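# can you look at this prediction? I've put the sequence above it.
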Amino acid sequence: MLSGEETQILATSLWVAGNAVLWSLPLAVMAAFALSRHFPGKLALESVTHLPIILPPVLVGFVLLMLLGQRGPIGGALAGAGIHLAFTAKGAALATAVMTFPVFVRSIRLAFEATDRNLFEAAAVLRAGALDRFVSIALPLAGPGILAGMVMAFATALGEFGAVITFAANIPGQTQTLPLAIYAVLQQPGGESEAMQLAGLSFGLAMLGLAAAALLQRWAGRRLAG
Amino acid sequence: MKSLDADIELKQGAFHLRARFSAPAESITVLFGPSGSGKSTLLSLLAGLRKPDRGSIRLGGADIHNLAAHRRGIGLVFQDARLFPHLTVRRNIAYAARRAPPGGLSIEDAARFFDIAALLDRPVGNLSGGEKSRVALARALAARPDFLLLDEPFAALDGIRRRTFIAVLLDLHRVHKLPVLVVTHNIDDAAALGSHLVALQAGAVVATGDFATASRQPAFQSILDERDTGAAISSQALQAASDNRRNAIWLRADQVLLASQEPHGLSARNVLEGLVSALWPENNQSVLVEVAATAGHLLARVTPQAARELALAPGRPVWAIAKAHLL
């Protein structure tokens, strides 16, 4: 059974990962759809999307802090409106969203790319405009793939560390997610058994996420095959 | 009803398409040509799925070549049906009906017309080729196009299904007053459907006009396989063994016998009296004889020896004979 403290850590982790996925979903879908087409500037968008993979997570956290911290250009304005991101759970979700964005976009993009392009031509000659075709054909056909991407992004989000600890710190009950809690207990002498317990929990969640993503992907394949 | 007039040009690598033709509103126009002649590319240009390098496309007099595909009011039925896999048959048709101008056929009526009422609530994944074609046609009709393009709609069909489908297309044109342009490379289908002809070879229009007249032009005959040389004769003027509905029957020159006197006691059901109007020696083995009969001009292929023995020459009365079972 989980202790009260562990339940708290698990809840924080699920809240942060869940919010990270939900709030980045619209942007990820748009970026993925754009990247599944050909357009001028595609390479630039592709590079920006992949940036979090190649940058050190600590650096991403630092950049977020510079921009969105109390004294940052955006953070200052947000603070005026009563919105605080740095060192809060919302901030942890934001940092997590930025870090998982490349994985998220990639799996959704695969779903859009697997869709038969000819169907869009068929829809166009049935009087459907571009936005209409996106909503009525592209989205429903990629739906299972998008869902699989969400699960995959969620599983990845549960493991985010560097950017989160830099931007949101490691505050128990607020921003302390599973990997941050493992790190914290390892800093204390004799914390290994507690760390093992948390590691097991983390591993179980990740496995569950992978299995769910695989099942959804298979469903998506069957659906596209018609 | 609106007619379609096109004058378009497209260069694509070594391929050069330059097509200028009209498809009259009251006709079924057949776009005929060997594979690789640019038929499907031409349909994409007309429907707005591709842009020509230059030219104009007029629908009922209005220039539509700058309009996006979904604003043209031109329907297109693809060879591979392209039904939406995430929707049932009913919802595929409803997809078009919802976006159509008001006053169209109900989904049930469209389904009844194409004999697919029993399929309405099925997913499209497990339909047969013929069923898919008919659903695609019902869906195209539900969008209420001003002009309908069909890209080899019989490709997936054979035998009796093909002949039934031709009858359905003739009905579609007649009952729904819908101008149609249909692509085919099969001369029997072309004659069965077409009242107007546009023949394409290597991207250029080589013959166009009223089907029976345009199909007699040497430029048209030259794109046919040698064994398909022939002429379109109104199906009312001939007795065929099958009772398929069709506009005309393609009477191949190799299916026609000529007699210099009125024949008696023949099993053949079709004996057409006419006058030789022209002779074209093809090579050492054959002569093509054009006969002007009341039913129209027809062609017969005979040996040079037979042409000599029958003293075939322009103005000579002859009787052309064709078996009903060959038609």
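Looks like it arrived, so ask away. Residues are numbered from 1 along each chain as shown, chains lettered A, B, ... in the order given.

# which residues touch stretch B:6-14?
B:16-23, B:41-42, B:45-46, B:50, B:52-58, B:65 (C-beta atoms under 8 Å, 6 or more residues apart in numbering or on different chains). The way it works is simple: take the backbone N, C-alpha and C, and place the C-beta from them, glycine included.

# how far is that stretch from where the chain is centred?
23 Å (C-alpha atoms, centre = their mean, to the nearest Å).

# can you map out the strands along chain A?
Applying DSSP state E to chain A gives no strands.

# could you pull out the helices for it?
A:4-35, A:42-54, A:57-68, A:73-80, A:89-113, A:118-124, A:130-133, A:139-157, A:162-168, A:178-187, A:192-225 (DSSP state H).

# and these: which comes nearest chain B?
Taking C-beta to the nearest C-beta, helix A:118-124 is the member of the helices of chain A nearest to chain B, at 3.8 Å.

# in chain B, which residue sits nearest chain A?
Closest point on chain B to chain A, by C-beta to the nearest C-beta, is B:P85, at 2.9 Å.

# what's near enough to touch residue 201?
Picking chain A for this. Contacts of A:L201 (C-beta under 8 Å, 6+ apart): A:L2, A:E6, A:L10, A:L178.

# oops, wrong one, chain B.
Applying C-beta under 8 Å, 6+ apart, the residues near B:Q201 are B:G33, B:P34, B:S37, B:I223.

# redo those residues as JSON lines? Include secondary structure.
Converted to JSON lines, those look like this (DSSP: H, G, I helix; E, B strand; the rest coil):
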{"residue": "B:G33", "secondary structure": "coil"}
{"residue": "B:P34", "secondary structure": "coil"}
{"residue": "B:S37", "secondary structure": "coil"}
{"residue": "B:I223", "secondary structure": "coil"}
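
# ok, which pair from the residues you listed is furthest apart?
B:S37 and B:I223 (7.9 Å; C-beta to C-beta).

# would you agree B:L119 is in contact with B:K132?
No - counting by C-beta atoms under 8 Å, B:L119 does not reach B:K132; the two are 9.9 Å apart.

# enumerate the residues of chain B near chain A.
Within chain B, the positions near chain A by C-beta under 8 Å from any C-beta of the partner chain are B:47-49, B:68-71, B:73-76, B:78, B:80, B:82-86, B:95-96, B:99-100, B:123-125, B:139-140, B:143, B:145.

# are any of those residues buried, and which?
Taking 16 or more other C-beta atoms under 10 Å in any protein chain shown as the criterion, what is buried in the residues of chain B next to chain A is B:47-49, B:69-70, B:73-76, B:78, B:80, B:82-86, B:95-96, B:99-100, B:123-124, B:139-140, B:143, B:145.

# which of these fall in strands?
Per DSSP E, the subset of these in strands is B:I74, B:G75, B:L76.

# what about B:H185, how many residues nearby?
18 (other C-beta atoms under 10 Å in any protein chain shown).

# quick check, it in contact with B:L31.
No - contact between B:H185 and B:L31 fails when scored by C-beta under 8 Å: they sit 9.7 Å apart.

# overlap in contacts, the two.
Common neighbours of B:H185 and B:L31 (criterion: C-beta under 8 Å, 6+ apart): B:K39.

# on that earlier part again, list only buried entries from the contacts of B:Q201.
Buried among the contacts of B:Q201 by 16+ other C-beta under 10 Å: B:G33, B:S37, B:I223.

# in the longest strand along chain B, what's buried?
The strand that spans the most residues within chain B, counting by DSSP E, is strand B:270-281. For strand B:270-281, a neighbour-count test (16+ other C-beta under 10 Å) marks B:N270, B:V271, B:L272, B:G274, B:V276 as buried.

# B:A212: what's its closest spatial neighbour, skipping adjacent residues?
With sequence-adjacent residues excluded and distances taken as C-beta to C-beta, 6 or more residues apart in numbering or on different chains, B:A212 is closest to B:A232, at 4.7 Å.

# bridged to the one you found, which residues?
B:W250 (DSSP bridges).

# what about it, distance to B:G296?
From B:A232 across to B:G296, the span is 7 Å (C-beta to C-beta, to the nearest Å).

# comparing these two, which shows the higher neighbour count?
B:A232 (27 against 19).

# which residues touch the more buried one?
Shown in contact with B:A232 (C-beta under 8 Å, 6+ apart): B:A191, B:G194, B:F211, B:A212, B:S215, B:A248, B:I249, B:W250, B:L251, B:G296.

# lovely, talk soon.
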